[in-house]
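Q: here is a sequence with its predicted model. Questions after.
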Amino acid sequence: MTAVAHAAGFARRTGGTRQLAGTGTLLRLALRRDRLLMPVWVLALGAVVTSGSGSLESLYDTAAKRADLAESLSTNGSLRAMYGPVFSDSLGGLVAWRFSGFVAVLAAVMSLITVVRHTREEEETGRQELLSSAMVGRRAPLTSALLTAFVANAALTLIITAGLAGPTGSGCGALAVGFTIGAIGMLFAGMAAIMAQLTESARLAKGLTAAVLGVAFVLRAAGDASGDDGSSVLTWLSPLGWAENVRPYAHERWWVLPLLAAAVVAQGAVAYVLAGRRDLGMSFLPTRPGPAEGRIATAAGLARRLQRGSVLGWAVGFFLAGIVFGGMAKGAADLVGDNEGAREIFERMGGQAAMTEAFLAAMIGMFGMIAALYTVASVLRLHGEETSQRAEPVPANAVGRLAWAAGHLVIAFGGAVVIMVMAGLGLTIGHGEEFGPIMGAVLVELPTVWLLGGLAVALYGLFPKAAAASWAVVGICLALGWIGPALDLPGAVMNLSPFSHLPKLPGPEMAWTPVLLMTAAAAALVTAGLGGLRRRDMQT
């Protein structure tokens, strides 16, 4: 009995160690798998913040200009909802106001993708079961995933801190910006870790975490719209509001960072408890098994069931964002004022038109580039279904490959129409102007959205292992459209994005040639991709 008691005590003392066995190996494997994707994320986000200091310094090169800008921003509720309040009219304060909120959101997206990829996605594809047959502890995959996210966010923190310390002249402010963005990234890494335990699908885990991120953004926006000091209850209900209230370059509130750290630790603890109470491949949220009946019994019905939540979420988000941007357009001319540099940026983004129309054109162009992300993600759902072997039983029945793919492509390309129309409705309501010109400008973006979606179809059908490269193409287009005008990149570089060839509506006359050419190119790419899918073997 004594020996048994000693053995039981030893097991309890070493149980935690055994459950973390293999963490180092899995971490090295995760970093190797992300050796291309992670540096792109980190360097791109770091470059957005560090290059932003240079562009703002060139636009507002005197203290008087920065003070006037800060005063005008503080009185604009729509801009506060979008970017948050301005706590300092220094160069660093303006950089923190303009870039830290959005980069923090993108760091959260990077983190949730990383954690889900190395936890639930590994289980969903069956790879984790193979790894677990070796000396791998129960909690080792979760630990390695969180450590991978930590490496990415730590690198991003260092890049931002080093990049801002010199130009802004304040190491403390730069450190506050870097730590804030990194902390938000880790916070949503912890949230993704919890969702990966609760759900049985990697897509659902990502979707639920992204929904939490969306709610956090809406709460922060609603709170900041009602006041200019970040003290609203709604702002403090959002972790993005906590990050905002660190107030870099404005007598930093370092005591807010422990709140973020405590939330990260608490979420990690919850994820660890959940991971220890479920079997591999199982989840806490029940799934609804078949049989498939009614509309879901068809390939198109299955595609609608799988992607309807995504379409709804994107549509609601575009509609709400359209209302915000539409309201901001009314004060665009007042915001820019006599600053020729800012005016030139909006003109490069939105064309040579009146300032309000140029602002609307710029925002509509951003909607188009973001809609391309939805379309590519929806197209690549085909690739995910195939590699996870869920697609193989469908064509094995009385359903051809093209019919199976067509169901998803209708959602991908038709869903782009839906979400862009919702953006147009939101812009019309927010701006309070005629429906026709804004909706026409919104629909003109669709051929380019379809073109990038067609590229994803072609890569998936012809070169399935390279299908993920379509993300890089969309990312380049988004980067050129977002920061290219502010950096005054040469026209040859800007023209690499197909969005730069579209007419900048509303305002100038309609140019049909690029619209028709892009539509034809999109159709050709889809045809080539479906032809390749029909001829090649399905992946296993």
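A: That came through, no problem. Numbers count the residues shown, from 1 in each chain.
Q: rest of the way, CA atoms for contacts and neighbours
A: Noted.
Q: tell me the contacts of residue 455?
A: Neighbouring residues of residue 455 by CA atoms under 8 Å, 6 or more residues apart in numbering: 470, 522, 525, 526.
Q: can I get the residues you listed in a markdown table with pLDDT?
A: Below are the contacts of residue 455 laid out as a markdown table (pLDDT from 0 to 100):
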| residue | pLDDT |
| --- | --- |
| 470 | 84 |
| 522 | 93 |
| 525 | 94 |
| 526 | 92 |
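Q: filter those residues down to the buried ones, PyMOL style.
A: Selection of buried members from those for PyMOL, criterion 16 or more other CA atoms under 10 Å:
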select buried, resi 470+522+525+526
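Q: from the contacts of residue 455, which is closest to residue 51?
A: Distance to residue 51 across these (CA to CA) is lowest for residue 470, with 25.2 Å.
Q: what's the distance between the closest one and residue 140?
A: For residue 470, the distance to residue 140 (CA to CA, to the nearest Å) stands at 32 Å.
Q: swap in residue 62?
A: Residue 62 is 53 Å from residue 140, where distance means CA to CA.
Q: more neighbours, those two?
A: residue 140 (24 against 12; other CA atoms under 10 Å).
Q: wait, the more buried one sits on residue 18?
A: No - using CA atoms under 8 Å, residue 140 makes no contact with residue 18, being 9.1 Å away.
Q: hang on, isn't residue 38 packed against residue 152?
A: Yes - shown here, residue 38 and residue 152 form a contact pair, counting by CA under 8 Å, at 6.7 Å.
Q: what's the pLDDT at residue 242?
A: pLDDT recorded at residue 242 is 91.
Q: any weak-confidence spans in the stretch 151-300 of the chain?
A: 280-299 (pLDDT under 70).
Q: now the stretch 351-500 of the chain
A: Low-confidence segments of the stretch 351-500 of the chain (pLDDT under 70): 351-355, 388-399, 433, 482-489.
Q: how about 50 then?
A: 351-352 (pLDDT under 50).
Q: secondary structure and distance to residue 443 for the contacts of residue 455 - can I get that in JSON lines?
A: Below are those laid out as JSON lines (DSSP: H, G, I helix; E, B strand; the rest coil; distance: CA to CA, whole Å):
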{"residue": "470", "secondary structure": "helix", "distance to residue 443": "22"}
{"residue": "522", "secondary structure": "helix", "distance to residue 443": "15"}
{"residue": "525", "secondary structure": "helix", "distance to residue 443": "20"}
{"residue": "526", "secondary structure": "helix", "distance to residue 443": "20"}
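Q: burial of residue 29, as a residue count?
A: 15.
Q: report the central residue of this protein.
A: Centroid check for the chain by CA atoms, centre = their mean gives residue 109 as the closest residue, at 4.8 Å.
Q: pLDDT score assigned to that residue?
A: Confidence score, pLDDT, at residue 109: 88.
Q: report the separation between it and residue 415.
A: Distance from residue 109 to residue 415, by CA to CA: 22 Å.
Q: cool, residue 208 as well?
A: 20 Å.
Q: equivalent analysis for residue 150, please.
A: 35 Å.
Q: before we move on, what about residue 403?
A: In this view, residue 403 and residue 415 are 18 Å apart by CA to CA.
Q: which one of these two has more residues nearby?
A: residue 415 (23 against 15).
Q: the more buried one - nearest residue in space that isn't next to it in sequence?
A: residue 311 (6.1 Å; CA to CA, 6 or more residues apart in numbering).
Q: which helix or strand contains the one you found?
A: Using DSSP states H and E, residue 311 sits within helix 299-329.
Q: got the contact list for the nearest residue to residue 177 once chain neighbours are set aside?
A: Distance criterion CA to CA, 6+ apart; nearest residue to residue 177, sequence neighbours excluded, is residue 248 at 6.0 Å. Going by CA under 8 Å, 6+ apart, residue 248 touches 92, 93, 96, 172, 173, 174, 176, 177.
Q: what's the pLDDT at the first one?
A: At residue 92, the model reports a pLDDT of 85.
Q: how many neighbouring residues does it have?
A: Neighbour tally, residue 92, other CA under 10 Å: 25.
Q: check the third one too.
A: When counting by other CA under 10 Å, one arrives at 31 neighbours for residue 96.
Q: same check on residue 469?
A: Around residue 469 there are 15 residues (other CA under 10 Å).
Q: now residue 452
A: 26.
Q: now swap in residue 127 and tell me
A: Around residue 127 there are 11 residues (other CA under 10 Å).
Q: likewise for the one 10 residues further on?
A: Burial of residue 137 is recorded as 21 neighbouring residues (other CA under 10 Å).
Q: so it sits against residue 26, correct?
A: No - with contact defined as CA under 8 Å, residue 137 does not count as touching residue 26 (10.5 Å).
Q: coming back round to it: now, the contacts of residue 248 that are in helices?
A: The helices, defined by DSSP state H, take in 92, 93, 172, 173, 174, 176, 177 from these.
Q: list the buried residues for the helix or strand harbouring residue 149?
A: Following DSSP H and E, one finds residue 149 within helix 140-168. Buried residues in helix 140-168, counting neighbours by 16+ other CA under 10 Å, are found at 140-165, 167-168.
Q: repeat for stretch 23-32
A: Those buried within stretch 23-32 under the rule 16+ other CA under 10 Å are 23, 26, 27, 30, 31.
Q: just stretch 373-388 next, same as before
A: By neighbour count with 16+ other CA under 10 Å, stretch 373-388 contains the buried residues 373-383, 386-387.
Q: got it, and stretch 421-439?
A: Neighbour count says stretch 421-439 has 421-431, 438-439 buried, by 16+ other CA under 10 Å.
Q: make CSV out of those and add distance to residue 362.
A: Below are the buried residues of stretch 421-439 laid out as CSV (distance: CA to CA, whole Å):
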residue, distance to residue 362
421, 16
422, 17
423, 13
424, 13
425, 16
426, 15
427, 12
428, 15
429, 18
430, 16
431, 14
438, 12
439, 14
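Q: now, the most widely separated pair of the residues you listed?
A: Pairwise distances across the buried residues of stretch 421-439 peak at 15.1 Å for 421 and 431 (criterion: CA to CA).
Q: spatially nearest residue to residue 527, not counting backbone neighbours?
A: Here the residue nearest residue 527, using CA to CA, 6+ apart, is residue 458, at 7.8 Å.
Q: tell me where this protein has strands.
A: With DSSP state E, there are no strands along the chain.
Q: tell me if I'm right that residue 199 and residue 208 touch.
A: No - the criterion here is CA under 8 Å, and residue 199 misses it with residue 208 at 9.2 Å.
Q: who's more crowded, the two?
A: residue 199 (21 against 17).
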